[in-house]
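Peer 1: Show me the folded form of this:
(one chain, ligands or ions: 2)
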Amino acid sequence: MAQDWWKSAVVYQIYPRSFMDSNGDGIGDLQGILGKLDYLQDLGVDVLWLSPIYDSPNDDNGYDIRDYKKIMSEFGTMEDFEQLLLQMHRRGLKLVMDLVVNHTSDEHPWFVESRSSIDSPYRNYYLWRKGKQGREPNNWLSYFSGPAWEYDSTTQEYYLHLFSRKQPDLNWDNPTVRQQVYDLMKFWLDKGIDGFRMDVINHISKVPGLPDGSHPNERGYAWGGEFFANGPRVHEYLQEMNHQVLSRYDVMTVGETGGVSPSDARLYAGFNRQELNMVFQFEHMNIDAGPGGKWDLKPWKLTDLKQVLSRWQQELHGTAWNSLYFGNHDQPRSVSRFGDDGLYRVESAKMLATCLMLQQGTPYIYQGEEIGMTNVDFPSIKDYRDVEIMNLWQEQVEQGGADPAKVLHAIHVKGRDNARTPMQWSADAHAAFTVGEPWIKLNPNYPQVNVAQAVADENSVYHYYKRLIRLRKQHPVLVDARYDLILPNHQEIYAYTRTMETEQWLVVCNFFAGQPEFVLPSGDFYQTTELVLSNYPVLDSAEVDRFNLRPYECRVYRRVQHV
Ligand code: GLC
Ligand code: CA
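Peer 2: Ligands and ions are numbered 1, 2, ... in the order given. Sure, this is the predicted structure:
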């Protein structure tokens, strides 16, 4: 099963800008990562996914690419990259690159050419349309506030940008565009990288005619997702990409696919579909959003989380592959969102990792999650850097007259910069992330929450992650075992089993600060029960049928039938 190494792998995501600065300019870089490979190897992860490191004007921190074959000068050089890849491979670490090809930067030479004239050979690389009655060609909203179209005075037409106006969408219906993308993919694969994380890859095929979205708001704009997510030709394009490129290399691929259902996922990541190995689904990221979307804050319910994750576990079992994540560079810190970042920070961070990483799928750890890094609540909008946050502020506060305190609160809870404050390496100045001025402020809790502390403390979140990762390696049964939710309606406890033949794993997690009693539903009889992991000392490790949980306590049991 050599080709399925990605099923048993653990992935660690690095946001290079915020990971480690080696030269004092306040910006993380490749040499910084290189200097931390010992740390990552010690943690026990197998794969590093790097958020984009290509040449970019950084409107969206590298998700706006100007040159796909060049390293961002702030991050280093191609020599640095090659050195990093070599050193990673020497240590048995694999490298996955971010592939951002739904759009480019507006400073990419293709777009510079494309916007220069209606007759440019590059015109059809992007989606240009004439306005309608003095307005945009259709009513779509961008993800980053405002319309998804930008007027360009040179040719008096609009171009589509689902993200910022500096991220024009590529026209995937143009075969030359697709060949260009395959070419740049081969460029990196031939250097020996081990895979791609594909940015918003289910958005590449738009419904022809680009119809208006339904239910427009008071200003006439609407969410057009039904016409650009999971579009009509997306599977054709991914199969073509797989056939022409991916199938020729032993690599892993994960597609970022907002708005997919399990049945969509079986198409993108179904075994034998020849598209992608796995997807990132977003359903569990939406349980704390109201009808107004991401910024419309809503308390989440454990029963919703269980129901969503369990459905994904069930519906992909045996047919497609899950990725497992609670955090990334676009999401708030998982311990602040689903755990307790105060009194029970350590307990709840361990509990969350346990709940997630023993499910079926490939786990992703986002930098800092392994030491329980938390959200940040900067006092002023001036402390924020993210283009999504900037645009929100401009639209809601500066133009819309919304209450600044309310918007700032939403940013504290949901803003992407929560995940982008620098990695906290030690209690030294700037958490030893940089000797210069960091590009974004640090989380002020770094004197308490940092790697040096975590490595020195046997009971830290970090050491617990190491145990959890090792456990997955020592028990390959956890890769394919069946998942079953138990106590589906319990409001505080998330408990599930993983079963394979005569072996069953039981994972019991208390998601809150209460002390609920866990009662195991009667079922198969197992002669041996062993407590393999827990985030509190447990006196009677064979007591599995009924016990009280302490705040954020989790326990993992392994039970075996002797036949
Ligand atoms: C993805 C990335 C996000 C980026 C967006 C546009 O969602 O994860 O960071 O802003 O795509 O590229
Ligand atoms: Ca630097």
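Peer 1: which residues of this structure score low on pLDDT?
Peer 2: Of all residues in the chain, those with pLDDT under 70 make up the ranges 1-3.
Peer 1: again, only this time at 50
Peer 2: Counting by pLDDT under 50, the chain contains low-confidence residues at 1-2.
Peer 1: And the residue nearest the centre of it, how far from ligand 1?
Peer 2: Nearest to the geometric centre of the chain sits residue 328, at 3.9 Å (CA atoms, centre = their mean). According to CB to the nearest ligand atom, to the nearest Å, residue 328 and ligand 1 sit 7 Å apart. Where you see a C-beta, it was placed from the backbone N, CA and C, and this is true even at glycine.
Peer 1: Show the contacting residues for that residue.
Peer 2: Contacts of residue 328 were listed using CB atoms under 8 Å, 6 or more residues apart in numbering, and they are 13, 280, 364, 366, 419.
Peer 1: Among these, which one sits closest to ligand 1?
Peer 2: Nearest to ligand 1 among the contacts of residue 328 is residue 280, at 8.9 Å by CB to the nearest ligand atom.
Peer 1: so what's the nearest residue to the closest one once chain neighbours are set aside up against?
Peer 2: Nearest residue to residue 280, sequence neighbours excluded (CB to CB, 6 or more residues apart in numbering): residue 256, at 4.9 Å. Going by CB under 8 Å, 6+ apart, residue 256 touches 197-202, 279-280.
Peer 1: how about the contacts of residue 328, which pair is most distant?
Peer 2: For the contacts of residue 328, the farthest-apart pair by CB to CB is 280 and 419; their separation is 14.6 Å.
Peer 1: circling back: among the contacts of residue 256, which are in reach of ligand 1?
Peer 2: Residues of the contacts of residue 256 in contact with ligand 1 (CB under 6 Å from any ligand atom): 199-200.
Peer 1: Which ones among the contacts of residue 256 lie within helices?
Peer 2: Among the contacts of residue 256, no member falls in helices (DSSP state H).
Peer 1: wait, residue 105 sits on residue 57?
Peer 2: Yes - taking contacts as CB atoms under 8 Å, residue 105 lies within contact range of residue 57: 5.8 Å.
Peer 1: tally of neighbours for the residue in the chain that ligand 1 sits nearest to?
Peer 2: Of all residues in the chain, residue 63 sits closest to ligand 1, at 3.5 Å by CB to the nearest ligand atom. Residues lying near residue 63 (other CB atoms under 10 Å) number 24.
Peer 1: so what's it closest to, chain neighbours aside?
Peer 2: Closest residue to residue 63 in three dimensions, ignoring its sequence neighbours and counting by CB to CB, 6+ apart: residue 100, at 5.4 Å.
Peer 1: joint contacts of residue 105 and residue 57?
Peer 2: Common contact partners of residue 105 and residue 57 (CB under 8 Å, 6+ apart): 64, 66, 166.
Peer 1: how about the residues of the protein that lie near ligand 2?
Peer 2: Contact residues (CB under 5 Å from the ion) of the chain with ligand 2: 21, 23, 25, 27, 29.
Peer 1: Would you mind putting the residues you listed into a markdown table with secondary structure and distance to residue 155 alongside?
Peer 2: Below are those laid out as a markdown table (DSSP: H, G, I helix; E, B strand; the rest coil; distance: CB to CB, whole Å):
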| residue | secondary structure | distance to residue 155 |
| --- | --- | --- |
| 21 | coil | 41 |
| 23 | coil | 42 |
| 25 | coil | 38 |
| 27 | coil | 36 |
| 29 | coil | 38 |
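Peer 1: got a list of contacts for stretch 405-421?
Peer 2: So stretch 405-421 is contacted by 15, 17-18, 61, 294-295, 297, 327-333, 336, 366, 368, 373, 375-378, 381, 384-386, 388-389, 392-393, 396-397, 440-443 (CB under 8 Å, 6+ apart).
Peer 1: Outside of stretch 235-244 itself, list whatever touches it.
Peer 2: 172, 178, 181-182, 185, 201, 204-205, 255, 267-268, 273-276.
Peer 1: related to what we said a few turns ago, nearest to residue 499 among the shared contacts of residue 105 and residue 57?
Peer 2: Closest to residue 499, out of all of those and judged by CB to CB, is residue 64, at 45.9 Å.
Peer 1: backbone phi and psi for the closest one, please?
Peer 2: Main-chain dihedrals, residue 64, degrees, to the nearest 10: phi -130, psi 100.
Peer 1: So the protein: which segments form each domain?
Peer 2: 8-104+175-466, 109-160, 482-560 (automatic domain parsing).
Peer 1: Name the helix or strand for residue 176, please.
Peer 2: helix 175-189 (DSSP states H and E).
Peer 1: ok, now residue 350?
Peer 2: Using DSSP H and E, residue 350 falls within helix 345-357.
Peer 1: Direction included, what does the helix or strand following that helix pair against?
Peer 2: Once helix 345-357 ends, the next helix or strand along the chain (criterion: DSSP H and E) is strand 362-366. As defined by DSSP bridges, the strand partners of strand 362-366 come to strand 11-14 (parallel), strand 323-324 (parallel).
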